[in-house]
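> Build me a model:
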Amino acid sequence: MARNKIENHLESIIEGFFARIFKSGLRPVEIGKRILRVIDSNRSVGVDGKLIAPNYFIIKLSPDDNKKFLEIQKTLRHDLVETIKQYSKKEGYKFIGTIHIEFETDNDRLIGTFDIIAAMREDQKNSTGFLKNDLGQITYLLNQVTTLGRHPGCDVVLQEKAASRHHAEIHKRNNGVFFIDKNSTNGTYINDQQISEHQLVDNDQIRIGNTTFSFNIYE
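Reported below is the predicted structural model:
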């Protein structure tokens, strides 16, 4: 069965990376295996007869476990998303939106236990704006935090020599959308001014090396 093969692959990838960190207690691979089972139990059938898988996941952890996972959430989230994509491709599942994973603290949950809530959600494309590069390619800002850099785990992977591996982040806050340079080597320029943190407004021009994006709210 595809799930058994994916689970074994997941164990070799995730456990190999995190084994030194999680020598006891809740292990990341347990979350990975559970999320595949949750996908199977929450799948549906579309009007065209194709199988549709959930794409929105909330992982509820105890306060202690969530604190322990905090520093590796970005890497773990990337690995889980890739695992979900591989498994769904093998099973023939489709998604109605971008895969999104959130980690949430459940104050009533015992340490070492967790729960996963799954749902199907369409992308809300124009809710908080998007980036458009020089080629006209659009990246919608769907996550609470969007990462940019040369590292393949970033949400926006920059094919740019002047970019750092983890160059910058875009944060959605109650009072707006903020572009934050993560102490990159060569810096970030918005509207030709070097910034460390900048609140984005419609039609801001973002430059990293020779790569330019425009931030827009409306298409």
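> can you give me the helices in the chain?
2-18, 28-41, 63-69, 73-91 (DSSP state H).
> I'd like to know which of these has the weakest mean confidence.
Ranked by mean pLDDT, those end with helix 2-18 at the bottom, a mean of 52.
> Which among the helices of the chain is found nearest to Glu197?
helix 73-91 (18.8 Å; C-beta to C-beta). C-beta here means a position set from N, CA and C on the backbone, and glycine is covered the same way.
> which helices and strands does that closest one pack with?
helix 2-18, helix 28-41, strand 100-105 (3 or more C-beta pairs under 8 Å, 6 or more residues apart in numbering; DSSP states H and E).
> and if we set it to 10 Å?
Helix 73-91 sits against helix 2-18, helix 28-41, strand 51-52, strand 56-61, strand 100-105, strand 145-149, with contacts defined as 3 or more C-beta pairs under 10 Å, 6 or more residues apart in numbering; DSSP states H and E.
> got a markdown table for the helices of the chain, with distance to Val177 and mean neighbour count too?
Output for these, formatted as a markdown table (distance: least, C-beta to C-beta, whole Å; neighbours: other C-beta atoms under 10 Å):
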| stretch | distance to Val177 | mean neighbour count |
| --- | --- | --- |
| helix 2-18 | 31 | 15 |
| helix 28-41 | 29 | 18 |
| helix 63-69 | 25 | 17 |
| helix 73-91 | 19 | 18 |
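> Let me have these in TSV, extended by distance to Thr98.
Output for these, formatted as TSV (distance: least, C-beta to C-beta, whole Å):
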stretch	distance to Thr98
helix 2-18	20
helix 28-41	15
helix 63-69	22
helix 73-91	9
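> Quick check: which of those helices is nearest to Ser214?
The nearest among these, by C-beta to C-beta, is helix 73-91 at 25.5 Å.
> and the angle for the closest one with strand 56-61?
Interaxial angle, helix 73-91 versus strand 56-61 (axes from the mean of the first three to the mean of the last three C-alpha atoms, to 10 degrees): 130 degrees.
> Appreciated, that's everything.
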